[in-house]
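*Asks:* Test case, fold it:
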Amino acid sequence: MKFHQFKNKIEALKTLELGGLEAQFKLAPELRLRYDADKIKASNPKKAAVLALFYPNHKNDTTFLLTERATYKGTHSAQISFPGGKVNKTDKNLQETALREAFEEVGIVPKSIEVVRELTDVFIPPSNFLATPFIGYIDQRPRFNTNYEVEKTIEVLVEDLLNEASLSTVNLSTSYMKNINVPCFKLNDYIVWGATAMMLSEIKELLKC
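*Replies:* The predicted structure follows:
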């Protein structure tokens with residue numbers, strides 16, 4: 001998908017009905033499926049926000065940004081995710097959280113980003129976060145400046161996300177689950193699963209419209 005084609009979709013993207021849980025659950029691990037709205041509310045999850053940033057690469061193909069988290073002693077060590085993180089007391093709203101985190105983690109100036117819309121919240125049981133994704137775009141490829149939380153940036157073509165061949169299943173073991181088959185996207189030789197895959201599943205359905 002060329003970047004002008006993506007931009008032609010933006011007005012429609014703002015008003016299209018979201019796929020919501022139905023879209024997300026196509027890529028949800030079994031662990032996540034056990035939580036309904038009442039159970040999530042009872043968990044009193046912490047709030048977070050992430051940014052799905054779209055931009056053109058050097059060939060003017062539409063690309064979006066993922067990051068590989070740094071390795072640390074924590075639940076989401078070395079996982080693939082969007083830039084994002086927990087709400088600060090100084091954040092006016094969740095959108096500001098997503099933009100601030102993108103600046104802190106990969107150096108993208110908030111005022112350079114056009115936010116398209118908010119997507120469906122994703123509950124993340126292992127860390128008890130409720131993450132709100134936002135779609136945004138920038139008209140030229142950013143110059144990334146990563147901080148200690150990010151091992152590397154990963155640029156993915158939208159056409160690869162839309163390609164059904166990117167869907168797969170992988171057997172994983174983590175600090176909180178052992179030998180579990182989980183649905184995933186295989187993008188740029190990375191396994192993208194869990195909350196990020198659920199968000200991408202909803203984004204994929206929007207972009208296919």
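
*Asks:* ok, longest helix in the chain?
*Replies:* helix 194-208 (DSSP state H).

*Asks:* what pLDDT, on average, does that helix get?
*Replies:* The average pLDDT within helix 194-208 is 95.

*Asks:* who's in contact with that helix?
*Replies:* The contact list for helix 194-208, computed with C-beta atoms under 8 Å, 6 or more residues apart in numbering, reads 1, 6, 9, 13, 16, 18-20, 23-29, 32, 50, 52, 66, 79-82, 119-120, 122, 124, 131, 133, 135, 158, 161-162, 182-185, 192. In this view, the C-beta of every residue, glycine as well, is placed from N, C-alpha and C.

*Asks:* Among these, name the ones in helices.
*Replies:* 6, 9, 13, 20, 23-24, 32, 158, 161-162.

*Asks:* picking up where we left off before, alpha carbons of the longest helix of the chain, as CSV, please.
*Replies:* This file holds the C-alpha atoms of helix 194-208, laid out as CSV (Å, rounded to 0.1, in the frame of the first residue of the first chain):
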residue,chain,number,x,y,z
GLY,A,194,-0.4,-11.1,22.9
ALA,A,195,-1.8,-7.6,23.3
THR,A,196,0.1,-6.2,20.3
ALA,A,197,-1.2,-8.9,18.0
MET,A,198,-4.7,-8.2,19.3
MET,A,199,-4.4,-4.5,18.5
LEU,A,200,-2.9,-5.3,15.1
SER,A,201,-5.9,-7.6,14.4
GLU,A,202,-8.3,-4.8,14.9
ILE,A,203,-6.1,-2.4,12.8
LYS,A,204,-5.9,-5.0,10.0
GLU,A,205,-9.7,-5.2,9.8
LEU,A,206,-9.9,-1.4,9.6
LEU,A,207,-7.3,-1.1,6.8
LYS,A,208,-9.0,-3.8,4.8
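
*Asks:* Please give the centre-to-centre distance between the lengthiest strand in the chain and its chain.
*Replies:* If you go by DSSP state E, the chain has its longest strand at strand 46-56. Distance of strand 46-56 from the chain centroid (C-alpha atoms, centre = their mean, to the nearest Å) equals 6 Å.
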